[in-house]
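3D, please:
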Amino acid sequence: MKSLTLLLLSLHSSLPLLHGADAKEPIRIDKTHQLFFDDHLIEHTEHLTRRVQQARKHEANPLFVKEHDWEPEGYVVPSVLFDEEEKSWKAWLDGYGIGVFYFTSKDGIQWERPMLRLFPEFDKEPTNRVILTGSEIDVKNAPPDKLDYMRSREAGWKYFGHASGVIKDMRDPDPQRRYKMAYLWINRQYQRPGVSKAGKLVAMGAAFSPDGIHWTPVNEPVSYATVDLPFHINYDEPRQRWVLYGRAVGVVTPEKKAAQAADPNLPYNMGRAVIRCESVDFIHWTPEKGDLVLASDAQDSAMTEIYDMRRVAYAGVDIGFIHMFHNDPDSVTQPIQLGISRDNKTWQRLSDRSPFLAMGGLGEWDRSVISPPVADPVLIGDELCFYYTGRNQLHSTRWKFEDEPKLLPPMPSPRGALGLATIKRDRFVAMEASYRPGIMRTKPFIHDGGTLHVNAAVKFGALTVSVIDDHGASLQKVTITGKDEIDLALPELTKIAGRKGQPMRLEFAVQNGRLFSFWIE
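The predicted structure follows:
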């Protein structure tokens, strides 16, 4: 994995250094790649812009759409992984509430539908459906045999609403729990204690599988913290537990209320926000209602909400892929922005709130809604692969956009299809400079490597890197031109190895280029 470093001009003597009472303990960076999501390691910058780098959508998108009569009208909430044991790609997608459908691929681009027949009571021919849900039939008009079959099924299947993530877990000693799935549990006839009339219960359910095909549900909800999907689960290695990022509603912060009180649209904001829970076994989650970790703020429009967030551990930090809901009168969009946490609890959105993954343009298949992956990105070679779903129909909204009178028939399918977006390693955010050289100096840090590496794009620009001791004296420098690489080793900076275990700084200067990360090996 490569990191990007800023071009250093020989201007370090003009930049202020911290000494004495203002100085802090040096930051230990070990050999971890240092990206520039925030100012954690940055002491000073000038003439630089921190800019989100937008993921590139694959030219083969959409990778698949409905082909057979028995398939759903569209697919959402994609879980895609590369199975290291079997050396193959696997995907599970929700079919808009009629079940979960399973796909395989040799290259992650061309996908196949394994022909199974797990539900002969419903599927007249082999299909790739691996979970059948209670939403499959209209109870009032269902044939008696199908209705009897549905009523005979386990509670976990009766109340299965929508899938929201599949994980292959090699840590679990029980092979029957090798694959784990979280899903939205919906009981529309739930009888609450002390209440005479039945109502709707929404919770999170779980299911397990030895092979990702044959699933067994937990026949009761495992968490009541999240009220809708998508929600996201992955494993936090430092804490040795599962972490859930789910959805709360009705959250409008005091800051947002005060700043936007005069906006007539604010009362219509549903207050979608992100909560966090933990579990050691995937079944028992705490706290019961989750902790609020992220909500729309006063910088957003009055009708902006946070739909959901995927947390991914990367290079010593947690990156948040924040699914926004800009539900504005003139535009309804759901781009994905970036956020960061350094403790997997406290989150902040990047200062640049431009999309990491944006909606498609006019006439494109993913113009209206995109759904983020509910699985972690996959690293193939030097690229990170993000699988998402998109559709060409708007999310439900209070605004009316159709012609009056209507001049066109309803929009055709696809309601949802699978897409792929990629970035090169470490290239989430760049520190950019134009023709005027930009300068960045790090805070004091301690490393345990020997050779500095940078991830930078200066094919028609220049990058200078200087080694500075803890008193601000320049020990050595080197300039790079004509390069756009994710791993530029700089063995010429021999002083780096000599500072191993001692406080030091780096100073970068970049002109007409981008710096993404650095690290010392």
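
got the buried residues for the helix or strand containing Arg151?
Using DSSP states H and E, Arg151 sits within helix 144-152. For helix 144-152, burial by neighbour count (16 or more other Cβ atoms under 10 Å) applies to Tyr149, Met150. Heads up, the C-betas are built off the backbone N, CA and C, glycines and all.

Point out where the stretch 301-450 of the chain drops to low pLDDT.
401-414 (pLDDT under 70).

what about the helix holding Arg151, distance to the chain center?
39 Å (Cα atoms, centre = their mean, to the nearest Å).

How about the helix or strand following it, which residues are buried there?
The first helix or strand that comes after helix 144-152 along the chain, using DSSP H and E, is helix 155-158. For helix 155-158, the neighbour count (16+ other Cβ under 10 Å) marks Gly156, Trp157, Lys158 as buried.

For those residues, please prepare TSV with the additional fields distance to Ser466 and pLDDT.
Output for the buried residues of helix 155-158, formatted as TSV (distance: Cβ to Cβ, whole Å; pLDDT from 0 to 100):
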residue	distance to Ser466	pLDDT
Gly156	60	89
Trp157	63	91
Lys158	66	88
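
Between those, which sits nearest Ile167?
Ile167 lies nearest to Gly156 out of the buried residues of helix 155-158, by Cβ to Cβ, at 17.3 Å.

For the closest one, give its distance to Met204.
Distance, Gly156 to Met204, using Cβ to Cβ, to the nearest Å: 12 Å.

Check Met324 too.
From Met324 to Met204 the distance is 22 Å (Cβ to Cβ).

quick one on the thing from earlier: can you add distance to Gln502 and give the buried residues of helix 155-158 back as TSV?
Converted to TSV, those look like this (distance: Cβ to Cβ, whole Å):
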residue	distance to Gln502
Gly156	58
Trp157	61
Lys158	64
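
and stretch 32-48, how far from the chain's centre?
22 Å.

Sorry, slip of the keys, the one I care about is stretch 223-243.
Shown here is stretch 223-243, whose average C-alpha point lies 13 Å from the average C-alpha point of the whole chain (Cα atoms, centre = their mean).

Stretch 345-355 too?
Distance, centroid of stretch 345-355 to centroid of chain: 12 Å (Cα atoms, centre = their mean).

who's in contact with that stretch?
If you take Cβ atoms under 8 Å, 6 or more residues apart in numbering as the criterion, stretch 345-355 is touched by 37-38, 49-52, 54, 274, 276, 291, 293-294, 299, 309, 320, 322, 335-341, 429.

Could you tell me which of those are located in strands?
Among those, the residues falling in strands (DSSP state E) are 49-52, 274, 276, 291, 293-294, 309, 320, 322, 336-341, 429.

Please convert the buried members of these into PyMOL selection syntax.
In PyMOL, a selection of the buried entries from those looks like this (16+ other Cβ under 10 Å):
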select buried, resi 50+51+52+274+276+293+294+309+320+322+336+337+338+339+340+341+429
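
any idea of the mean pLDDT for stretch 112-124?
What stretch 112-124 shows for mean pLDDT is 91.

What residues sit buried inside that stretch?
Applying a neighbour-count criterion of 16+ other Cβ under 10 Å, one finds Arg113, Leu118, Phe122, Asp123 buried in stretch 112-124.

swap in stretch 272-285?
Under 16+ other Cβ under 10 Å, the buried positions of stretch 272-285 are Arg272, Ala273, Val274, Ile275, Arg276, Cys277, Glu278, Ser279, Phe282, Trp285.

Would you map the helices across the chain?
Ranges of helices in the chain, per DSSP state H, are 144-152, 155-158, 254-259, 495-498.

name the helices or strands packed onto the last one?
If you count contacts as 3 or more Cβ pairs under 8 Å, 6 or more residues apart in numbering; DSSP states H and E, helix 495-498 packs onto strand 452-469, strand 474-490.

Can you give the strand pairings for the last one, parallel or anti for each?
Within its sheet, strand 474-490 is paired with strand 452-469 (antiparallel), according to DSSP bridges.

right, and Gly390 touches Pro62 too?
Yes - if you go by Cβ atoms under 8 Å, Gly390 and Pro62 touch, sitting 7.1 Å apart.

So for those two, which residues contact both of them?
Shared contacts of Gly390 and Pro62 (Cβ under 8 Å, 6+ apart): Trp365, Asp366, Ala417, Gly419.
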